[in-house]
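J.: missing the sequence, but the structure's below:
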């Protein structure tokens with residue numbers, strides 16, 4: 001789910017991965033100390049199963065979980081997340097630091113090479129970031145680089161990032177989907193490079209290289225002996241990733257042992273069933289995934305593009321919906337508590353997270369309050385039932401979305417205040433139409449690029465935001481700009497809290513659910529854990 005973003009001092013673009021398919025969609029990080037000694041590498045192969053989809057192997061043309069899961073295995077990063085931690089450290093670098101509030105300097109390791117033997121230098125680093133901005137692909141991650149002013153490369157191992165303004169999240173950005181370093185001798189500077197050319201050119205410098213690639217069908221990996229970074233050598237020399245179209249097929253594959261690990265995604269019912277299988281182990285971990293409803297400020301009831309446009313009435317409609325939604329019922333009845341209620345766009349567990357939707361709406365304790373919703377609409381002069389036309393995409397967010405939005409429709413209509421039409425659309429169409437004002441209200445999910453609260457604020461509430469729903473509030477934009485520049489942790493957390501409270505008072509988006517991370521594997525699989533880095537790695541797995 002992508003759009004074009006303009007560079008602006010107060011515009012920080014979207015910072016989060018547009019969520020891939022999954023009812024109980026999972027982020028999987030696989031751990032275990034990988035030895036740098038080739039002799040320690042276990043030679044047995046290993047298979048992964050997923051229902052995620054790949055948009056592009058080229059980092060400039062993708063911004064989704066499915067694509068990033070592949071890129072994480074084969075491309076290096078300047079900064080990366082060590083296993084078991086959400087904090088970044090130098091990956092193919094020896095040092096990285098702010099030398100001024102707007103200057104970030106990275107020193108590369110000496111003698112770095114791609115799998116094809118080409119040298120990896122500061123020139124490749126500059127090329128990698130410059131091409132993302134130049135290509136500006138509609139599905140690309142270039143909005144993460146909105147604060148990048150220029151890059152200097154005084155020598156082969158020094159990279160200097162000059163920023164428009166101070167940004168405490170910049171080291172994390174370098175570990176994000178905008179951060180893979182590519183080979184300038186293989187990749188085009190002006191257009192996306194095909195997967196065939198990337199694989200044929202062996203343009204890889206991560207822990208693995210790709211030996212066979214059939215997009216959204218099967219990928220075969222083998223270790224890359226040229227990798228020299230934070231994560232060490234891969235524990236398993238060969239890995240095969242199998243792509244499934246249906247969650248039920250993925251469940252069957254892990255049950256039969258056709259795949260060793262299943263991730264992203266299995267339905268809540270499938271997960272419950274698999275927990276009872278004594279040949280498998282189900283691992284739960286912290287989840288950064290969120291689900292929410294977007295209101296289009298132009299086409300929603302009483303929106304700015306409507307004949308009866310009325311800002312106060314439009315706000316009342318959004319607030320009344322927030323008053324009657326029952327998140328606990330959605331979490332329990334639809335997702336078997338593999339999701340939990342979410343009362344802010346910033347999920348629980350992150351520094352600065354608060355729960356303004358719990359305090360401001362419904363009964364003040366997370367439950368619905370129909371009488372409060374009635375009063376909100378009446379005070380704004382809204383009479384009669386309000387029609388909501390809600391769009392959702394089960395092929396992208398999982399088949400349980402059918403039940404989720406059916407229950408949401410019931411909750412809204414049972415209040416007696418709304419008439420709700422729900423309609424599903426295939427995601428290839430959905431991703432385009434939602435940015436063209438086709439849907440007054442619609443489903444989205446979000447999975448972060450990195451574990452920082454800003455990743456749940458700037459993508460949605462800056463002037464030119466990811467959802468493109470015509471929300472434009474200078475107060476929250478100023479709060480976001482300030483929190484990104486603030487180096488004092490306590491002051492920054494306070495600004496983050498204020499931004500959440502501001503958005504909750506206006507409801508650009510209505511947060512519903514926060515997902516857990518879940519992975520299913522055979523009992524002979526070692527080195528599997530889930531952590532808050534939200535990265536899916538193959539190299540620590542063995543059996």
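T.: On my side now, so go ahead. Remember, it's a predicted structure, so these values are computed and weren't measured experimentally.

J.: Make sure residue 53 is indeed in a strand.
T.: No - Residue 53 is assigned coil when assessed by DSSP: H, G, I helix; E, B strand; the rest coil, not a strand.

J.: I'd guessed it sits against residue 66; true?
T.: Yes - the pair residue 53 / residue 66 is scored as a contact, 4.7 Å apart, by Cβ atoms under 8 Å. Yep, even glycine has a C-beta here, placed from its N, CA and C like the rest.

J.: pLDDT value on the closest residue in space to residue 524 that isn't next to it in sequence, please?
T.: Leaving aside its sequence neighbours, residue 524 sits nearest to residue 543 (Cβ to Cβ, 6 or more residues apart in numbering; 4.6 Å). We note a pLDDT of 92 for residue 543 in this prediction.

J.: Residue 526 is in contact with residue 543, correct?
T.: Yes - between residue 543 and residue 526 there is a contact under Cβ under 8 Å: 6.2 Å.

J.: who's more crowded, those two?
T.: Using other Cβ atoms under 10 Å as the criterion, residue 543 and residue 526 rank with residue 543 on top: 19 against 16.

J.: distance of that one from residue 147?
T.: 43 Å (Cβ to Cβ, to the nearest Å).

J.: same thing with residue 299?
T.: Distance from residue 299 to residue 147, by Cβ to Cβ: 31 Å.

J.: cool, and residue 523?
T.: 46 Å.

J.: again with residue 456
T.: From residue 456 to residue 147 the distance is 17 Å (Cβ to Cβ).

J.: Then residue 87?
T.: 20 Å.

J.: if you count what's nearby, which of residue 53 and residue 66 comes out ahead?
T.: Higher neighbour count among residue 53 and residue 66: residue 66, with 22 against 19, using other Cβ under 10 Å.

J.: would you say that one is within a helix?
T.: Yes - membership of residue 66 in a helix is supported by three-state DSSP.

J.: wait, isn't it in contact with residue 54?
T.: Yes - using Cβ under 8 Å, residue 66 is in contact with residue 54, at 4.8 Å.

J.: Common neighbours of those two, please.
T.: residue 216 (Cβ atoms under 8 Å, 6 or more residues apart in numbering).

J.: Thought residue 168 was touching residue 147, still the case?
T.: No - applying Cβ under 8 Å, one finds residue 147 not in contact with residue 168, separated by 11.0 Å.

J.: higher neighbour count, the two?
T.: Legend: neighbour count by other Cβ under 10 Å for residue 147 and residue 168, higher for residue 147 (24 against 18).

J.: who touches the more buried one in this structure?
T.: 12, 163-165, 167, 170.

J.: Return the closest of those residues with respect to residue 314.
T.: residue 12 (25.6 Å; Cβ to Cβ).

J.: Show me which residues of stretch 419-433 are buried.
T.: 420, 422, 424-425, 427, 430-431 (16 or more other Cβ atoms under 10 Å).

J.: and those, which of them are in strands?
T.: Using DSSP state E, the subset of these located in strands is 420, 422, 424.

J.: The first one contacts residue 414, doesn't it?
T.: Just to be clear, that refers to residue 420. No - here residue 420 does not reach residue 414: they are 10.2 Å apart, not a contact under Cβ under 8 Å.

J.: Give me the contact list for the helix or strand encompassing residue 107.
T.: Using DSSP states H and E, residue 107 sits within strand 103-108. With contacts defined as Cβ under 8 Å, 6+ apart, strand 103-108 is touched by 78-79, 90, 92-99, 120-122, 125, 156-163, 170-171, 174.

J.: State the mean pLDDT of that strand.
T.: On average, strand 103-108 scores 98.

J.: strands paired with that strand, and their directions?
T.: strand 93-100 (antiparallel), strand 158-163 (antiparallel) (DSSP bridges).

J.: any chance of those in CSV, plus distance to residue 132, mean neighbour count and mean pLDDT?
T.: Formatted as CSV, the strands paired with strand 103-108 follow (distance: least, Cβ to Cβ, whole Å; neighbours: other Cβ atoms under 10 Å; pLDDT from 0 to 100):
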stretch, distance to residue 132, mean neighbour count, mean pLDDT
strand 93-100, 19, 14, 96
strand 158-163, 13, 20, 98
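
J.: For those, could you give me JSON lines that also reports distance to residue 518?
T.: Formatted as JSON lines, the strands paired with strand 103-108 follow (distance: least, Cβ to Cβ, whole Å):
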{"stretch": "strand 93-100", "distance to residue 518": "33"}
{"stretch": "strand 158-163", "distance to residue 518": "36"}
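
J.: for this structure, longest helix please?
T.: helix 489-506 (DSSP state H).

J.: buried ones in that helix?
T.: Those would be 492-504, 506, for helix 489-506 by 16+ other Cβ under 10 Å.

J.: right, and out of those, which lies closest to residue 514?
T.: residue 500 (13.9 Å).

J.: which residues touch the closest one?
T.: Counting by Cβ under 8 Å, 6+ apart, residue 500 has contacts 344-346, 352-354, 356, 457.

J.: how about a cut-off of 7 Å?
T.: 344-346, 354, 356 (Cβ atoms under 7 Å, 6 or more residues apart in numbering).

J.: Dump the residues you listed to a markdown table, plus pLDDT and secondary structure.
T.: Shown next, in a markdown table, are those (pLDDT from 0 to 100; DSSP: H, G, I helix; E, B strand; the rest coil):
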| residue | pLDDT | secondary structure |
| --- | --- | --- |
| 344 | 97 | coil |
| 345 | 97 | coil |
| 346 | 94 | coil |
| 354 | 96 | coil |
| 356 | 98 | helix |
